[in-house]
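Colleague: okay, here's the prediction I keep looking at, along with the sequence it came from:
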Amino acid sequence: MTSRSARSTPSTSRVALWRDARFWQWAGQGLAVAVVGLILFLLWSNLTRNLQRLGLEPGFDFLKFQAGFGIGETPIAYQPTYSYWRALFVGLVNSLRVIVFGIGLATAVGLAAGIARLSRNWLLRQLAMVYVEILRNTPLLLQLFFWYFAVFLSLPKEGEINLAGISISNAGITLPGGLQLSPEFSALLLGLTFYTGTFIAEIVRAGIQSVPRGQSEAARSLGLKPALVLWLVILPQALRSIVPPLGNQYLNLAKNSSLALAVGYPDLYAIASTTYNQTGRAVEVMILIMSSYLLISLVISLLLNFYNRSVQLVER
Amino acid sequence: MTSKPPELASTSTVWHWLKRNLFDSWLSSLFTLVCLWVVLYAGWQVLDWLFVKAEWAIVQQNFSRLLVGRYPPQQYWRLWVVLALILGLGGGLTWYGIKAKQKPISVFTLTLYLLPVSFLLVLWLIGGGLGLPIVNNNLWNGLLLTLLLASVSIFLAFPLGVLLALGRKSELPILRGFATAYIEIMRGLPLIGILFMAQVMLPLVLPGEWRLDRLLRAIAGLVLFNAAYLAENVRGGLQSIPKGQVEAAKALGLNVPLTLALVVLPQALRTVTPAIVGQFISLFKDTSLLSLFALLELTGMTRSILAQPQFFGRYAEAYVFIGLLYWIFCFTMSQLSRRLERS
């Protein structure tokens, strides 16, 4: 200490600016802001110039105009004379419909397949593995095309295939109680369910395997039946490691529902795409698509965080 | 998983195996019977369809179109050279990694050096120029385009992903904010939306003189999207590096960039290699979305073939065939990444 202070002159005890780490930190951040700002500015100025050249006045006023196109499935009242705004809202409701049912069904399928992959029954285990390995390793879009064109549109007319009150035909699925699902909705729902189900199955399997063996041995020695061991002892503990990655799969399913376009189901993205084709309003449509999907993702994340907190172990 | 292969020494062990694995309890027996019925019924239906009902003319007549699209046949030799190059390189690196006695540099570093070089070589062979006749990129279709799209995109997304991951782990709040915002927004959006943005918005936000063709816009979309996911993978790797490593590097007098380049990143990237392979698999599957944007990659090519009147209605045959192609690649890669994870 003494030798060092003796060498440096007393008046310049401060280190030089370029040897100060804090200076570089601030300079680095300043540079980052400048670069990002410059890029955004350039993009923005190009955008305004290009829009001017195309003669498009930016703004959301066009949403009030008459949409003029029909929509195949309208869970809420809609006519072609209604506004674009209303059409997009119908799309949002359609999206939410398939997301909610898809999440429910995919969880059931995934849970069943995940448990089956660890079953003591050899045949069941192999079947579950074949299901997971085939569907996980092919593109979802291809599966949707397959479900729609090769399955539903190739099915016989209504009334020929009837399983326990569920009628399956080229007009879709009719559930007992008269609930009619269109072929587009059915293809999308089944495609999303079975594709996401494979990923959930793997998560469930890993979750169950993460529970120490002693837990199931202890439960069995208490005299619980295998099904009860799974339901009362293993699954509640496995949930802790299952729920966070499961949430990611729900988010993926919600985002993947935008592939509805491929089978002609009028979801949010499909209707936004039609709106763009009719009006040429790329920027506005883009903003609408982005904000709605971000909002959907956010809501799912929040719900899952809430649920996650309730299953996590509360430690002393 | 846990079952050992049955020993067929005598009938009693067969009986024993059957009893233990298939008829353990009445519930298990019920499952076995139901599964057996499913396997036999579905198996019969599938075989009947494959060999009797299906008409494979659509695949037979369009085989080369599905694989390489409209690439001129007299230039096919270039694709064979590319294939040989990739197989040779892959085989060579595997041999080097497993068998070679002396390793002056690690497999990892060697791959890192060889990848960019071989990549440019492959692009030159396919595209032409510099002495080879030029093949315009609208003629590269089918599986060839699918593979190219996936590998070019992951290749370009990788540096961006590493930068984003470093940004997100940075101690500088503004940098961290930018990186986090980018990653979270991208991950909250569907890929089809990003591709739509790349096709429609990119021409609007770039200077009017820049004409990006459809293929480049598609790649831009895939890169922007995958960089965010790669960043999260790399971040996982960064988090797995013990603090002592950075402190030791600092004690040796390395500055921040050198610490990252020589100490942190090599270790972090090695741990996340399986995750990156996983990301490549999903990118490979995702390229099929480009068929919705008029690109003739494997799925798009199939759709354009299905639109011809002579193949009308042969959806199942076409989709099953290309599904098999996709499956072979994805399954091989996922097995590879599983093996990497274990070693």
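Modeller: On my side now, so go ahead.
Colleague: what residues sit buried inside the lowest-mean-pLDDT helix or strand in chain B?
Modeller: Sorting the helices and strands of chain B by mean pLDDT, DSSP states H and E puts helix B:11-21 at the bottom, at a mean of 80. For helix B:11-21, burial by neighbour count (16 or more other C-beta atoms under 10 Å in any protein chain shown) applies to B:17, B:21. (Each C-beta comes from the backbone N, C-alpha and C, glycine too.)
Colleague: stretch A:139-154 close to chain B?
Modeller: Yes: applying C-beta under 8 Å from any C-beta of the partner chain, one finds stretch A:139-154 in contact with chain B at A:139-143, A:145-146, A:149-150, A:153-154.
Colleague: show me the shaky parts of the stretch 1-150 of chain B.
Modeller: Where the stretch 1-150 of chain B drops to pLDDT under 70, the residues are B:1-11.
Colleague: quick one: the helices in it?
Modeller: Using DSSP state H, counting those that start in this stretch, the helices of the stretch 1-150 of chain B run over B:11-21, B:26-48, B:57-61, B:63-68, B:76-98, B:107-127, B:142-169.
Colleague: out of the ones you listed, deepest packed?
Modeller: Among the helices of the stretch 1-150 of chain B, ranked by average contacts under mean count of other C-beta atoms under 10 Å in any protein chain shown, first place goes to helix B:142-169 (a mean of 21).
Colleague: ok, back up a step: now a PyMOL select for only the buried ones of the residues of stretch A:139-154 next to chain B.
Modeller: In PyMOL, this line selects whichever of the residues of stretch A:139-154 next to chain B come out buried by 16+ other C-beta under 10 Å:
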select buried, chain A and resi 139+140+141+142+143+145+146+149+150
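Colleague: distance of residue B:305 from chain A?
Modeller: Per C-beta to the nearest C-beta, to the nearest Å, residue B:305 is found 13 Å from chain A.
Colleague: skipping its backbone neighbours, what lies nearest that residue in space?
Modeller: Excluding its sequence neighbours, the residue lying closest to residue B:305 (C-beta to C-beta, 6 or more residues apart in numbering or on different chains) is residue B:62, at 5.1 Å.
Colleague: quick one: neighbours of the one you found, just the number.
Modeller: Per other C-beta atoms under 10 Å in any protein chain shown, the neighbour tally for residue B:62 reads 20.
Colleague: quick check: it touching residue B:304?
Modeller: No: applying C-beta atoms under 8 Å as the test, residue B:62 and residue B:304 come out as separate, 9.8 Å apart.
Colleague: does stretch A:33-40 reach chain B?
Modeller: Yes: interface with chain B: stretch A:33-40 contributes A:33, A:36 (C-beta under 8 Å from any C-beta).
Colleague: contacts for that stretch next, please.
Modeller: With contacts defined as C-beta atoms under 8 Å, 6 or more residues apart in numbering or on different chains, stretch A:33-40 is touched by B:174, B:178.
Colleague: may I see the buried residues of that stretch?
Modeller: So for stretch A:33-40, nothing qualifies as buried (16+ other C-beta under 10 Å).
Colleague: can I get it in CSV? Just the C-alpha atoms.
Modeller: Provided in CSV are the C-alpha atoms of stretch A:33-40 (Å, rounded to 0.1, in the frame of the first residue of the first chain):
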residue,chain,number,x,y,z
VAL,A,33,-29.0,2.6,-26.8
ALA,A,34,-27.5,4.6,-29.7
VAL,A,35,-27.3,1.5,-32.0
VAL,A,36,-30.8,0.3,-31.1
GLY,A,37,-32.1,3.8,-31.4
LEU,A,38,-30.5,4.3,-34.8
ILE,A,39,-31.8,1.0,-36.1
LEU,A,40,-35.3,1.8,-35.0
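Colleague: ok now that stretch, how far from the chain's centre?
Modeller: Centre-to-centre, stretch A:33-40 and its host chain are 31 Å apart (C-alpha atoms, centre = their mean, to the nearest Å).
Colleague: which positions in the stretch 51-200 of chain A make contact with chain B?
Modeller: Residues of the stretch 51-200 of chain A lying close to chain B (C-beta under 8 Å from any C-beta) are A:51, A:53, A:117-125, A:127, A:133-134, A:136-143, A:145-146, A:149-150, A:153-154.
Colleague: restricted to helices, list those.
Modeller: Judged by DSSP state H, those include A:51, A:53, A:117, A:122-125, A:127, A:133-134, A:136, A:140-143, A:145 as members of helices.
Colleague: in those, find the pair that's most separated.
Modeller: Largest separation among those by C-beta to C-beta: A:53 and A:122, giving 67.6 Å.
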